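Colleague: Give the three-dimensional model of this entry:
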Amino acid sequence: MVDPYEVLDGIEERVNAMHRQALAVRDEMATVSVTERSRDGQITVTVNHMGNLTALEIGSSARSDPSLGQDILRTVQAAQSKLADAMREGVPSAQATPETMSSIVAQMREMFPEPAPDEYMRGGDRPGDQDTFASRFLPDDPAPAPPPQPRPTRARSDQVSDDDDYYSSGDFFR
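Modeller: Residues are numbered from 1 along each chain as shown. Okay, here's the model as predicted:
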């Protein structure tokens with residue numbers, strides 16, 4: 001006969017091991033960060049394991065650039081999109097359970113997708129930009145539709161149809 005205390009002790013040991021592993025994963029995840037530089041090297045950002053900005057360095061020549069805010073955000077998004085791979089490399093204790101690692105990576109990719117290509121530029125942001133929303137995104141006005149053809153008239157038959165059994169061209173409230 002199986003001793004229930006031994007079964008409970010085995011379950012308790014497995015739960016404790018899972019708890020220790022979860023704490024190790026949490027501690028290792030807390031140390032993961034990504035540093036990214038802008039294409040021109042004037043902006044450097046660092047994001048932590050949650051994607052929060054923890055460090056920002058701006059070169060002196062970039063400070064007067066009117067697109068500085070967009071460049072910073074683009075660089076932060078690029079850093080955040082690399083967090084999934086950094087988690088895969090920086091959290092070795094989660095490698096023991098492939099389900100855990102794939103769940104972490106999938107969640108990071110969902111939270112921080114790849115940024116839009118660099119050549120993407122929102123309309124109307126720059127002074128002198130002649131493009132408007134309507135000219136870029138709405139279709140050109142189509143040619144007007146031809147007027148509808150008149151419906152053919154049906155010739156009335158000379159026969160009187162007796163399909164109205166109740167009304168019979170008489171008073172409705174008889």
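
Colleague: where in the protein is pLDDT low?
Modeller: Scanning the chain for pLDDT under 70 picks out 118-136, 155-174.

Colleague: Enumerate the positions of stretch 80-98 that are buried.
Modeller: By neighbour count on 16 or more other CB atoms under 10 Å, the buried set for stretch 80-98 is Gln80, Ser81, Lys82, Leu83, Ala84, Ala86, Met87, Arg88, Gly90, Val91, Ser93, Ala94. (C-beta placed from N, C-alpha, C; glycine too.)

Colleague: and the next element down the chain from the helix or strand containing Asp85?
Modeller: Assigned by DSSP states H and E, Asp85 belongs to helix 83-90. Counting by DSSP H and E, the next helix or strand C-terminal to helix 83-90 is helix 98-111.

Colleague: Between helix 98-111 and the longest helix along the chain, find me the angle.
Modeller: Assignment by DSSP state H gives helix 4-30 as the longest helix of the chain. In terms of direction (axes from the mean of the first three to the mean of the last three CA atoms, to 10 degrees), helix 4-30 departs from helix 98-111 by 40 degrees.

Colleague: Following element in sequence after helix 4-30, please.
Modeller: strand 33-37.

Colleague: Run through who's touching that following strand.
Modeller: 43-49, 54-55, 75-76, 78-80, 82-83, 86 (CB atoms under 8 Å, 6 or more residues apart in numbering).

Colleague: Would you list the buried entries among these?
Modeller: 43-49, 75-76, 78-80, 82-83, 86.

Colleague: how much space between the closest residue to Ala62 other than its chain neighbours and His49?
Modeller: Of all residues not flanking Ala62 in the chain, Gln42 sits nearest, at 3.6 Å (CB to CB, 6 or more residues apart in numbering). Per CB to CB, to the nearest Å, Gln42 is found 26 Å from His49.

Colleague: What of Asp65?
Modeller: For Asp65, the distance to His49 - CB to CB - is 30 Å.

Colleague: just to revisit the earlier point, columns distance to Thr31 on top of the buried residues of stretch 80-98, output as a markdown table?
Modeller: Listed next are those as a markdown table, based on distance: CB to CB, whole Å:
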| residue | distance to Thr31 |
| --- | --- |
| Gln80 | 17 |
| Ser81 | 19 |
| Lys82 | 15 |
| Leu83 | 13 |
| Ala84 | 16 |
| Ala86 | 10 |
| Met87 | 11 |
| Arg88 | 14 |
| Gly90 | 7 |
| Val91 | 9 |
| Ser93 | 12 |
| Ala94 | 13 |
